[in-house]
Structure formats: C-alpha cells, structure tokens
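Peer 1: Give me the fold of what follows.
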Amino acid sequence: MYTAEGTLVRWLRPSGASVGAGEPVAEMETDKVLADVSAPVSGILHHVAAPGTLLQVESLLGYVLASGEAAPAADVPFTTPSTPVVGAPVREHVETDVLASPNARRVAAELGVPLASVAGTGPGGRITEDDVRAAAERNSR
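Peer 2: Model prediction:
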C-alpha cells in the first residue's frame with residue numbers, strides 16, 4: 001500500500017492489536033482526502049509512525065507481524081514474514097466494489113457490519129456512517 005504525501009491522522013487500532021487482512025488500521029489525510037489505510041495481511045499490528053507525522057511516498061507506518069515475531073529495527077529493510085504497512089494510495093479502498101466513506105468503513109469494522117450488505121444513501125449510492133449505523137441497528141433486532 002502506498003501513498004502520496006500525507007499526514008498520519010490517527011491509528012484506528014492500538015499497537016499490539018490483532019488485525020485482519022483488509023481491516024482499516026489508520027487514517028491518512030492529504031490536501032484532497034481523508035483515507036483509511038488497511039492491514040495488508042492478518043497479524044499483530046506494530047506502530048512505527050506517530051500521529052501528526054508528515055509522510056512521503058512509500059513511507060513506513062508500521063508492521064503487521066506474525067504471532068511471536070519481534071518488530072525489525074527501524075533502519076532494517078523489510079524482511080519476511082514481517083509485512084510492512086505503508087500508506088494506501090490516496091483513494092478510497094474498495095471492499096468488493098462498495099463505495100463508502102472512510103468513516104463508514106471504520107464504523108462498519110467496529111460494529112462488524114459487512115459493507116456489501118449496506119444500501120448507500122449518499123451521493124452516487126455511497127455508504128455513509130448513518131447507513132452503517134442503521135444497518136447495525138436493523139441487524140441487532
């Protein structure tokens with residue numbers, strides 16, 4: 001996952017948390033968009049960059065580590081099985097061609113709502129946070 005210049009706004013999951021492949025783990029902001037950065041694989045998230053850091057193309061944000069694996073030193077090139085987490089392309093990532101805002105994706109992940117099951121009411125059928133919350137409420141009944 002790569003990025004144009006942008007700022008790491010915040011981590012959505014703490015360092016040391018188990019994450020699933022495709023799960024949003026951080027938010028990046030550019031002059032045009034606020035976008036989620038997703039974990040490339042399942043594993044244990046290890047933060048490297050701090051929120052507020054201005055990052056250039058292909059900057060390292062953190063790692064997704066195998067269980068029991070130690071994070072590499074910051075100046076060591078990427079090695080397997082560590083999987084680097086770097087900024088996503090400055091575009092919204094797509095979950096099975098679903099159009100959704102970054103906030104809707106985050107809330108869907110938090111609430112366990114599959115985006116593919118949500119009808120979007122935003123512009124062009126885009127899924128909004130309200131759509132996700134409504135779907136979660138319907139699912140809880």
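
Peer 1: For the protein, which segments are assigned as strands?
Peer 2: 6-11, 18-19, 24-29, 34-38, 43-47, 54-55, 60-65, 83-86 (DSSP state E).

Peer 1: A71: which of the ones you listed is closest?
Peer 2: strand 43-47 (4.4 Å; C-beta to C-beta). Every residue, glycine included, has its C-beta placed from N, CA and C.

Peer 1: elements contacting the closest one?
Peer 2: strand 18-19, strand 60-65 (3 or more C-beta pairs under 8 Å, 6 or more residues apart in numbering; DSSP states H and E).

Peer 1: which of those is buried the deepest?
Peer 2: strand 60-65 (a mean of 22; mean count of other C-beta atoms under 10 Å).

Peer 1: Pull the distance from that one to the chain's centre.
Peer 2: 12 Å (C-alpha atoms, centre = their mean, to the nearest Å).

Peer 1: That strand pairs with which strands, and in what direction?
Peer 2: Strand 60-65 has the following sheet partners, assigned by DSSP bridges: strand 43-47 (antiparallel), strand 83-86 (antiparallel).
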